[in-house]
Each structure stands twice: as C-alpha cells, then as structure tokens.
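Engineer: predicted structure and sequence below. I'll ask about it afterward.
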Amino acid sequence: MSNKVVVIFSGGMDSFTVLHRALKDGKEVYALTFDYGQKHVKEIACASKVCQQLGVAHKVIDISAINQLLAGSSLTDDIDIPEGHYEAESMKSTVVPNRNMILLSLAVGYAVSVKASQVYYGAHSGDHAIYPDCRPEFVMKMNDVCKIANYEAVEIFSPYLTNSKSDILTDGLNMGLSYDDTWTCYNGREKACGKCGACQERLEAFADNNVTDPLAYE
C-alpha cells in the first residue's frame, strides 16, 4: 500500500485534526480544499495557512460552478444560516445536496493521479443526525465503490466516523494541537457567531474538554 494519502481539508477543526492524524500516522499527505461557494470562505484561508506552516502539499480547487445545480442550501444560497443545535430540524437547510459524494469522487480521482492509496475525511457521529453523507452506511458504500471505480483501489478512511466532536478534540489536544487557525462558524463574518449548529457543537466540544476555545465570538 502506498504511503501517500489525500486529506480533504476544509480548514475546520475536524479536518484539521484528521490532517494531523494522517501526519502522526506517518503518511505523506496531499491536502485538498474545495471552494464550493460556501459563505464561510474564511475556512479556506485557514486551510492554506496551516498547510503552508506544515509544509504540506496543498491544492485549493474552485468548484463553485456546481451551485448552478445544487440549490437550496443556506451554506451557499441567499438563505439565512439557522441558529440552534445540529439536531434541530432547521439545520437541514445547511445540507448541500450530494456534497460529500462529489468531494470524495474528486479526491479519489486526485488520489489515483498521485498514486495515493487512501482518502482521509472527517465525518463523525455528531454529523449523522443531519447529514446523510456523513453516516457510516454512506461511507461504507462509498468505500466499496471507490475500490472498484478505477484500476487502482482507493480506500475512503474516516478515522473519527464513530466518534463525537468532543472525542476528536480530545485526540487533537493529546497530539498537542492548537486550534487557533481553524474556522467552524457557518457565517462568513469576522468573528464566529456562536449561535449556529456548527459553533454550538464546537463550543460544547471545548467545554467537554475543559479547554477555552481560542476563537473570538460575537
């Protein structure tokens, strides 16, 4: 098996931890960040900064044109970001149709081109309630497809698939990570809102670990 891996790196705290987990595992990392027209474009700047600091190969790919097809998400359309916890019905408006299948397909194509054997991505149990394409059954089926979609088999690897965001942060803290250069808030403002589902889950994770979140909140 090749030691090369592609990491889907959004710039958020989950993918930030996944990136470092891959490095900790001794992998040669190729980080891949997607600009799909998300309002929280600040996460892309965070991803670029982190990869530059680490000396990790990094590509930022503009796929925002797909929003001509994928309408109806508050992350990309002129729709207010809902406030409240991830499990709230209103959070369904943050679903971007088929996003992870698209991103994983592109990442697998990149993996084949650089002869990487795995694609790491940061799905976790906290996403299962609201995002169908973060559920274990999706990851397993996608993994099956990606092993036969090319002459070269590529494994979809989600190291935190059955873990919570708090668990992910615990692992990151155990690796000595600082989360200053990550962005989670779905709103694209200067400071994190502290009210959207993404912010609430992040704040809960830091509280569970008895650590202060380094981000500034409104």
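Structural biologist: Cool, got the structure.

Engineer: list the contacts for Leu32?
Structural biologist: 6-9, 58-59, 61, 106-107, 110 (C-beta atoms under 8 Å, 6 or more residues apart in numbering). Every C-beta, even on glycine, is put in place using the N, C-alpha and C of the backbone.

Engineer: with neighbour count, pLDDT and distance to Asp167 as added columns, please give those in TSV.
Structural biologist: Formatted as TSV, the contacts of Leu32 follow (neighbours: other C-beta atoms under 10 Å; pLDDT from 0 to 100; distance: C-beta to C-beta, whole Å):
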residue	neighbour count	pLDDT	distance to Asp167
Val6	30	98	23
Val7	29	98	19
Ile8	23	96	19
Phe9	32	97	19
His58	19	98	26
Lys59	13	98	29
Ile61	14	94	29
Leu106	17	94	28
Ala107	26	97	23
Tyr110	18	98	28
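
Engineer: list the ones among these that fall in helices.
Structural biologist: 106-107, 110 (DSSP state H).

Engineer: could you pull up the mean pLDDT of the biggest strand by length in the chain?
Structural biologist: Scanning the chain for the strand with the most residues, using DSSP state E, yields strand 28-35. Averaged across strand 28-35, pLDDT comes to 95.

Engineer: distance from it to the middle of the chain?
Structural biologist: In terms of C-alpha atoms, centre = their mean, to the nearest Å, the centre of strand 28-35 is found 11 Å from the chain centre.

Engineer: elements contacting the following helix or strand past that strand?
Structural biologist: Once strand 28-35 ends, the next helix or strand along the chain (criterion: DSSP states H and E) is helix 42-54. When contacts are defined as 3 or more C-beta pairs under 8 Å, 6 or more residues apart in numbering; DSSP states H and E, helix 42-54 packs onto helix 13-24, strand 28-35, strand 57-62.
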